[in-house]
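*Asks:* pasted the sequence and its predicted model underneath.
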Amino acid sequence: MRAELSVAQARRIALAAQGFADPPPAGEPTRRHLRRVLSRTRLLQLDSVNVLARAHYLPAFSRLGAYRDGLLDGAAWRPRARSPRLLAEYWAHEAALVPVDDWPLFGWRMDEYRDGRYRHTREVLQRNRSRAADVLAVITDQGAMTPREIEDALGITRAPAERGSWWMRGEVKHLCEAMFAAGSLSAVRSPHFHRHYDLAERIVGAERVGVTVGRRDAHGELVSRAAAAHGVATAADLADYYRLRTAEVRDVLGDLVDAGVVAQVRVDGWSEPAYLHRDARLPRRVPHSTLLSPFDPLVFYRPRTERLFGFRYRIEIYVPEHKRVHGYYVLPYLMDEELTARVDLKADRAAGVLRVLSAHAEPGADTARVARSLAVDLAALADWRGLDRVEVTGRGDLGPALRSEAAPG
C-alpha cells in the first residue's frame, strides 16, 4: 500500500478495519459472527442510557444486522459450559467489555487504580480497609452480589434518605468500585444493568488474573490492537482507543514500526503522521449502510470522526433541552462510506414505536436518496428492538422526505 493516502482511502481502510466490509451473515448471526465483530472492534463501550438500546448492543447490530441480545449477554455475563465467556468488563475506553484474554494487558492500570479510580472512592477505601476485607470475604463465600446484597449480608443499614443511587452511593458500593478498578473484583451485569461483583478469578479465570505483563509490553500490545482496529490512525487516535497517554503511545510506536506491525504514512489533510497496520485492507468500495451508536468505536473519538468523515459530532445528552442542536440520543447514519445524516431516536416500548424525534441530512447529501435508504434501516432497527413501526415526529431538514418514505403503505 502506498505511503500517501487520500482521505477517501483512509476512510475505506477504517471501515474495513472495523468490520463494515465483511460479508453479512447468510442467516441468523451466531457466536462465530460475534467473534468476528469482536476481532475487529477489540472492545465494546458500555453506557447506561437505554432510550433506544444500551450502547454495547448496537455495534454488533451495525455490523451484522438483527441478532439476539442473548448472544452478547452469554458472551459477557451468562456463559454456559459449551459457550464459555468471551468478554469481561474493565476500564478500557471508559467502561467497556474487553476480551477475557486481554485482561492481563490492563494490569498496569489496575496497579494505578489499586486504591480506586476516583478521589472519593480512594478516600472511602483508605478509611475502611477492614470493611473492604469484610466485603471481599462475603463475596468469596457467597459469590456474585450487588452492593445492597453485601450490605444485607454484613448487617449494614442506611438512613432512609440514602437510596444508594449513583450520586449517593453507600460506602460498600465505593469499596466494590475500588476493588473492581484494582482488578481484585470483576463484575457481571443483570438484565437491568446492575453490577454484581465477584472475584476476578471466577469471572476471567485464575490463569489470566495470575499473569503479569510489564507496563511497556502491555502498552505495545494495546497500541498494536488499537492500530488493527483503526486500520490507519494518528498517535492521538491510537492513544484514545484504550485511554493511554499520547506519550505512552509514542514510546512504543518505534518498536512497532521496527517490527513491521505498523508503517508510517501520510493522509492528505491530516496534520499529524499516520500509522498503517500491516493487516489493513483497502477495499474498492464499502457499500454498507447502517445506524451507529454514539459510542461505536468507529466514531467515539470525535476528532478522528471529523478528520475521516468531515462530520462534527457532539453528544447532547447533558445539554439542556432548549440548547440542543440535533437532539438527545443522536445516531450518525453511515451510507456509501460517508456519514450522511444524524437522527435522534427513542424506542417507545409501551406504544411499540421507534420515534424519530429529529432527522438532519449532512451538507451536500442527496436528501431523497438518504431518506429512502435510512427508512429501510430504521425499519430494520425497529424490528430488531421488537417495535412495530417507525414514526417520524420531529424536526430537521431530512424530516419531510423521511416521513414520506417511512409512512405505511
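*Replies:* Structure received.
*Asks:* what's opposite the residue most central in space within the chain in the beta bridge?
*Replies:* Against the mean C-alpha coordinate of the chain, by C-alpha atoms, centre = their mean, the closest residue is Q45 at 2.1 Å. Applying DSSP bridges to Q45 gives these bridge partners: A96.
*Asks:* roughly how far apart are it and T305?
*Replies:* With the distance defined as C-beta to C-beta, to the nearest Å, Q45 ends up 14 Å from T305. The way it works is simple: take the backbone N, C-alpha and C, and place the C-beta from them, glycine included.
*Asks:* same question for L331.
*Replies:* To T305, L331 is 13 Å away according to C-beta to C-beta.
*Asks:* how about D279?
*Replies:* Taking C-beta to C-beta as the measure, D279 and T305 are separated by 22 Å.
*Asks:* more neighbours: those two, which one.
*Replies:* T305 (20 against 11; other C-beta atoms under 10 Å).
*Asks:* wait, N128 touches L175, no?
*Replies:* Yes: applying C-beta atoms under 8 Å as the test, N128 and L175 come out as touching, 6.3 Å apart.
*Asks:* settle it for me: which of these two has more neighbours?
*Replies:* When N128 and L175 are compared for neighbours, L175 comes out ahead with 27 against 17, by other C-beta under 10 Å.
*Asks:* residue contacts, the more buried one?
*Replies:* The contact partners of L175, by C-beta atoms under 8 Å, 6 or more residues apart in numbering, come to V124, L125, N128, R131, A132, V135.
*Asks:* helix or strand: which one has the second one?
*Replies:* So that's L125. Assessed by DSSP states H and E, L125 sits inside helix 119-126.
*Asks:* cool, and the fourth one?
*Replies:* Secondary structure assignment for R131, by DSSP H and E: helix 129-142.
*Asks:* and that helix, what other elements does it pack with?
*Replies:* helix 147-154, helix 171-181, strand 195-199 (3 or more C-beta pairs under 8 Å, 6 or more residues apart in numbering; DSSP states H and E).
*Asks:* and for the shortest one, what's in contact with it?
*Replies:* By that I understand strand 195-199. Around strand 195-199, the neighbours that count as contacts under C-beta under 8 Å, 6+ apart are 89, 139-140, 143-147, 150, 176, 179-180, 184-190.
*Asks:* how about the helix or strand just after it: buried residues?
*Replies:* Where DSSP H and E defines the elements, the next helix or strand beyond strand 195-199 is helix 200-204. By neighbour count on 16 or more other C-beta atoms under 10 Å, the buried set for helix 200-204 is A200, R202, I203, V204.
*Asks:* among those, which one sits closest to D102?
*Replies:* The shortest distance between D102 and any of these, using C-beta to C-beta, involves V204 and amounts to 9.6 Å.
*Asks:* contacting residues for that closest one?
*Replies:* The neighbourhood of V204, defined by C-beta under 8 Å, 6+ apart, consists of R85, A88, V100, W103, S186.
*Asks:* from those residues, which ones fall inside strands?
*Replies:* Judged by DSSP state E, strands contain the following of the contacts of V204: A88, S186.
*Asks:* low-confidence ranges, the stretch 51-200 of the chain, go.
*Replies:* Using pLDDT under 70 as the threshold, the predicted model of the stretch 51-200 of the chain has low-confidence ranges 158-169.
*Asks:* also the stretch 301-409 of the chain?
*Replies:* The model of the stretch 301-409 of the chain has pLDDT under 70 over residues 409.
*Asks:* repeat that with 90
*Replies:* For the stretch 301-409 of the chain, residues meeting the criterion pLDDT under 90 lie at 318, 322, 394, 406-409.
*Asks:* would you turn the contacts of V204 into JSON lines with neighbour count and distance to G170?
*Replies:* Listed next are the contacts of V204 as JSON lines, based on neighbours: other C-beta atoms under 10 Å; distance: C-beta to C-beta, whole Å:
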{"residue": "R85", "neighbour count": "18", "distance to G170": "29"}
{"residue": "A88", "neighbour count": "24", "distance to G170": "25"}
{"residue": "V100", "neighbour count": "20", "distance to G170": "29"}
{"residue": "W103", "neighbour count": "22", "distance to G170": "28"}
{"residue": "S186", "neighbour count": "24", "distance to G170": "20"}
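*Asks:* will you turn the contacts of V204 into TSV that also has distance to P294?
*Replies:* As requested, the contacts of V204 are exported to TSV (distance: C-beta to C-beta, whole Å):
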residue	distance to P294
R85	27
A88	23
V100	26
W103	27
S186	26
